[in-house]
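In: generate a structure from the sequence data that follows.
(4 chains)
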There are 4 protein chains.
Amino acid sequence: MIDLHGIFPPLPTSFNKDESLSTEHIRKNIETLNRYGLSGYLILGSNGELVMLSHEEKIRVMEAAREAIPREKLMLAGTGCESTRETILLSREAARAGADAVMVLNPFYYKGQMSQAALVSHYHTVADASAVPVIIYNMPANTGLDMTAADISAIADHPNIIGLKDSGGNLAKMAGIIHNTKKGFQVLAGSAGFLLPALTIGAVGGILALANIAPQNCLDIYHSFVEGKMDRAQKLQQEIVSLNAAVTRNWGVPALKAAMDHLGMYGGPCRRPLQPISEEVKKKLLQLL
Amino acid sequence: MIDLHGIFPPLPTSFNKDESLSTEHIRKNIETLNRYGLSGYLILGSNGELVMLSHEEKIRVMEAAREAIPREKLMLAGTGCESTRETILLSREAARAGADAVMVLNPFYYKGQMSQAALVSHYHTVADASAVPVIIYNMPANTGLDMTAADISAIADHPNIIGLKDSGGNLAKMAGIIHNTKKGFQVLAGSAGFLLPALTIGAVGGILALANIAPQNCLDIYHSFVEGKMDRAQKLQQEIVSLNAAVTRNWGVPALKAAMDHLGMYGGPCRRPLQPISEEVKKKLLQLL
Amino acid sequence: MIDLHGIFPPLPTSFNKDESLSTEHIRKNIETLNRYGLSGYLILGSNGELVMLSHEEKIRVMEAAREAIPREKLMLAGTGCESTRETILLSREAARAGADAVMVLNPFYYKGQMSQAALVSHYHTVADASAVPVIIYNMPANTGLDMTAADISAIADHPNIIGLKDSGGNLAKMAGIIHNTKKGFQVLAGSAGFLLPALTIGAVGGILALANIAPQNCLDIYHSFVEGKMDRAQKLQQEIVSLNAAVTRNWGVPALKAAMDHLGMYGGPCRRPLQPISEEVKKKLLQLL
Amino acid sequence: MIDLHGIFPPLPTSFNKDESLSTEHIRKNIETLNRYGLSGYLILGSNGELVMLSHEEKIRVMEAAREAIPREKLMLAGTGCESTRETILLSREAARAGADAVMVLNPFYYKGQMSQAALVSHYHTVADASAVPVIIYNMPANTGLDMTAADISAIADHPNIIGLKDSGGNLAKMAGIIHNTKKGFQVLAGSAGFLLPALTIGAVGGILALANIAPQNCLDIYHSFVEGKMDRAQKLQQEIVSLNAAVTRNWGVPALKAAMDHLGMYGGPCRRPLQPISEEVKKKLLQLL
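Out: Residues are numbered from 1 along each chain as shown, chains lettered A, B, ... in the order given. Here you go, the predicted structure:
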């Protein structure tokens, strides 16, 4: 059984100036972050520009990351594709490359046809075929498809599906999912913006873009909560709200990478059409840092 | 300064079988709820079918409610209308009828024209004219217009605007609002579904449909949090999720009123087009109760 | 049987500088427009700021308008309210005041409860009680509730419901509604932006904000289509696109009223929170005029 | 200059029972359709399950299709990917394989970052690099991102961008785009549901799922319009509304493929998670056929 408690950064994928993949920078970023008490890493999530990479590139990222991630930390790999068959293929590659679990974004292009039956069938077929456990990934701001609590509860009813990353931020829904799924189903907050609220209703941790650039702050919120220091937790949670919004909802992956560059890690460019942040935005971002 | 800490039920408006207003039943329901340690009442909110009542009926509801609400409990009155002028008129009537504060839903019909400037102008004009403090009311599920954190922070910058009821349930946004508004600005959770998460990021309480039918459960969550009993708070929060969804998002005011009828209070009919819940839904509702 | 063929302006409601109602200016505007070959007028629609007016003011508008509208032109009156009972009351007042038909916007505040059953019950109850025929009004941009083709077809199945004003602009849906409703059900385009397309799939005319300030252009499109002059119709339709967008989607009723002022009619202020257009917008608007 | 007048079917991609690609069936379907007066074919559109195919499979589809499509008919190939670089690569492969133009769906996963500047930069970079002309593809129901008229007009301002397929169905917007883009910019209706309305405001034709199973009906609407037979065009347009909805919005590609199977073409399975239509839906579909 994989234990998902704690904080995981969703690692950006590093590209050289010509947008070619740089596995070297991925490894170095992980080595930098290994110093912190993080529970592991998510690679190939939304911050990992999953939709910008070819099948082969994804495999290279998984292999490179695993080299740098010590055994005692988890490697979660995003393997969700639009087709069930490609999701299965990539999940198998992830297991082969050493992923401890795969995180599967729901298919969403054919929104009108993604009934609960279709979603359950997709996830259960993948979970049947996957050598490692499956985590559901709900990301409505990007997919335009917000899986309902009922959808997720139905999907969760499979022995190889162990958790959920929910980036929607609807806490009442999240509480309902925790209440209505099997004991041991592990829910992770998808943004530092609602980490503490999620923990209070039973989430076990978070996969947080902010943890790439402010890992200790995220860990402090988590540990303050676990140790019952609610006043401190609340204060810390309040403090990270603006910076977190800057590198997620407001200015996205380009801002996250710019912040990494500023902090001595490797950010580098995003693949286009993602644009570098403007000088004006950069100024605001550095102030928040 | 009005202190909004604690739990407030948004009282349904009672109608006789022919849909005429019954101020008598409103008073009796308040008397029943007076036994609990509630901080006060919201009348003429979404659960009060505010959009179904004439100007005159709203005044009658305010007068009748104040008779039944003891002085040491707050009466908050919903006075938001589409026009600024009617909102002012009704807010003045509310003060005259003894409301301690007015809660003002944003105008929303002309969505495309509701720029931040228009919203700020509306709220500040109302706040200038109102003899009692103003609470902002954001209810995107009904209005189809979700005021942004920036909108709300700009509106909050007025001495007579003291707080916010946010029914949207986006906790990251709520944390940002608390962080970015003046000290002493009081945020209230708009649904029991996210009461505990909201408290953990600095909300002072909640205006909760569920508090009409399960006031003690809501109070227990609140007090457990205040006393630092987080395990108990989390357990209690989990327990009310399904019942809360039943009388809010899922089946709405008709279900809330049916539950009140079942518990010996007066629920009675809603004004049409709101339909009574079906026998099948009723069965499920009673199970949850 | 009421014949809805042709072009109808949805008349703005005139207010004095202090936002009080000016029935005199309403009458004068109608007299100006009576010179054109319009089929009639809609009063108390979205351009008539229906949600800004009290019950009594609405009656005054209906009475004043009827005085100015000659018998051979139709007076359609918007009477949709959130409650079924008030919609019935106002529809009866409309008939008393001389309306030839009432146009009923769907209730929308309790979106989550507006099932097809609830909507059909609302409209059929109103249609049973109304002394004059009922026209359905679908306005998703303002209500946030887009009635489906199936909803509208079910509602249309009542002898006293004779037509639909659809402001949604989904032409495939509109064609489906025309195809699936009873023979003689009359569909009106809700915006000049899609007048010609709507006519080509069987709409009988339009209720067009633009017809307040450019009635002849709207009539020319209509007559060109009727006479089979498609090249001319297409050219005319293209020409009005930008001005139409200016006084509807983009800048709304304030722009429409500013345009009326410019053209020698009475525009005057909107009721707040609607704001007057800025000088910059005004400049662009006058260019389009 | 490529002339886009007329009707184009967006060809489904054929799969064997095990979901492997069947270029043979693609060729045969094209041969069947070559008998009609269609202007050409779109391959690798939404009906072609573009998001379900690997880069290599897309190239195989393009090569196979070109073999079957006679020189005098156009081959349009969908090459839009999330990254600019992959879109360029695939557009070059398309030109090599004999496509006459490429149709580029906008990137949409990072919705929050897809400013007009980002979209213009993406399209212009692709158009600069593409050996064949580029057609913009707006498909909001699937992407969740509805490019505005202003976005599209700005994108269109490039010599190698010659047209637009708009599947949104907002005719006022479409008319505005035609009015505000360069002379000769060619707009195609994205659904038979609004073919005639689109033609009347200046669209030059359509890329229509329905043209796979009812090519003559689509051609008849087109030619009736061109010949000025508006009554006949209207009647034909009305007749296809229900069948068109069945194979698009309602039941999607699985229904389209089932209809092709029924008509003696090759439909075959979709790639999962798309599910085969139920027996009940099949019965309704066959009735419509």
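In: and the pLDDT at A:G169?
Out: Among the per-residue scores, A:G169 holds a pLDDT of 89.
In: what sits against it?
Out: A:G190, A:S191, A:G193, A:F194, B:N170, B:L171, B:A172 (C-beta atoms under 8 Å, 6 or more residues apart in numbering or on different chains). C-beta coordinates here come from the backbone N, C-alpha and C atoms, glycine included.
In: is chain D within reach of stretch A:246-263?
Out: Yes: on the criterion C-beta under 8 Å from any C-beta of the partner chain, stretch A:246-263 is in touch with chain D at A:R249, A:N250, A:W251, A:G252, A:V253, A:P254.
In: what count of nearby residues applies to the second one?
Out: A total of 16 residues lie near A:N250 under the criterion other C-beta atoms under 10 Å in any protein chain shown.
In: wait, which of the residues of stretch A:246-263 next to chain D is closest to C:L145?
Out: C:L145 lies nearest to A:R249 out of the residues of stretch A:246-263 next to chain D, by C-beta to C-beta, at 26.8 Å.
In: can you tell me the SS state at the closest residue to the closest one other than its chain neighbours?
Out: Distance criterion C-beta to C-beta, 6 or more residues apart in numbering or on different chains; nearest residue to A:R249, sequence neighbours excluded, is D:G112 at 6.5 Å. At D:G112 the chain is in helix, as set by DSSP: H, G, I helix; E, B strand; the rest coil.
In: what do you get for A:K183?
Out: Three-state assignment for A:K183 (three-state DSSP): coil.
In: so which residues of chain A form strands?
Out: A:6-8, A:10-11, A:40-43, A:74-78, A:101-105, A:134-138, A:161-166, A:186-189, A:205-207 (DSSP state E).
In: of all those, which lies closest to D:V104?
Out: Here strand A:101-105 is closest among those (C-beta to C-beta), at 23.3 Å.
In: and that closest one with strand A:74-78, angle?
Out: 30 degrees (axes from the mean of the first three to the mean of the last three C-alpha atoms, to 10 degrees).
In: how about strand A:101-105, does it get close to chain D?
Out: No: applying C-beta under 8 Å from any C-beta, one finds strand A:101-105 separated from chain D by no less than 9.8 Å.
In: what is that strand packed up against?
Out: In terms of contacts (3 or more C-beta pairs under 8 Å, 6 or more residues apart in numbering or on different chains; DSSP states H and E), strand A:101-105 is packed against strand A:74-78, helix A:84-97, strand A:134-138, strand A:161-166.
In: A:N138 contacts A:K173, doesn't it?
Out: No: contact criterion C-beta atoms under 8 Å: A:N138 and A:K173 do not qualify, at 9.5 Å.
In: need the residues touching each of the two.
Out: Residues within reach of A:N138 and of A:K173 at once, by C-beta under 8 Å, 6+ apart, are A:D166.
In: what sits closest to A:G37 if chain neighbours are left out?
Out: Closest to A:G37 by C-beta to C-beta, 6+ apart is A:L219, at 5.6 Å.
In: burial of A:G112, as a residue count?
Out: There are 13 residues near A:G112, going by other C-beta under 10 Å.
In: try A:K183
Out: Quick note: A:K183 (other C-beta under 10 Å) scores 4 neighbours.
In: please name the residues that touch it.
Out: By C-beta under 8 Å, 6+ apart, no residues touch A:K183.
In: would you check how far apart it and chain C are?
Out: Per C-beta to the nearest C-beta, to the nearest Å, A:K183 is found 31 Å from chain C.
In: repeat that for A:K58.
Out: Distance, A:K58 to chain C, using C-beta to the nearest C-beta: 39 Å.
In: would you map the helices across chain A?
Out: Remark: helices assigned in chain A by DSSP state H are A:23-33, A:55-68, A:84-97, A:116-129, A:140-143, A:149-156, A:171-180, A:195-200, A:215-226, A:230-245, A:252-262, A:279-288.
In: just the buried subset of the contacts of A:G169, please.
Out: A:G190, A:S191, A:G193, A:F194, B:N170, B:L171, B:A172 (16 or more other C-beta atoms under 10 Å in any protein chain shown).
In: report the entries of those that also contact chain C.
Out: Within the buried ones among the contacts of A:G169, nothing lies near chain C by C-beta under 8 Å from any C-beta.
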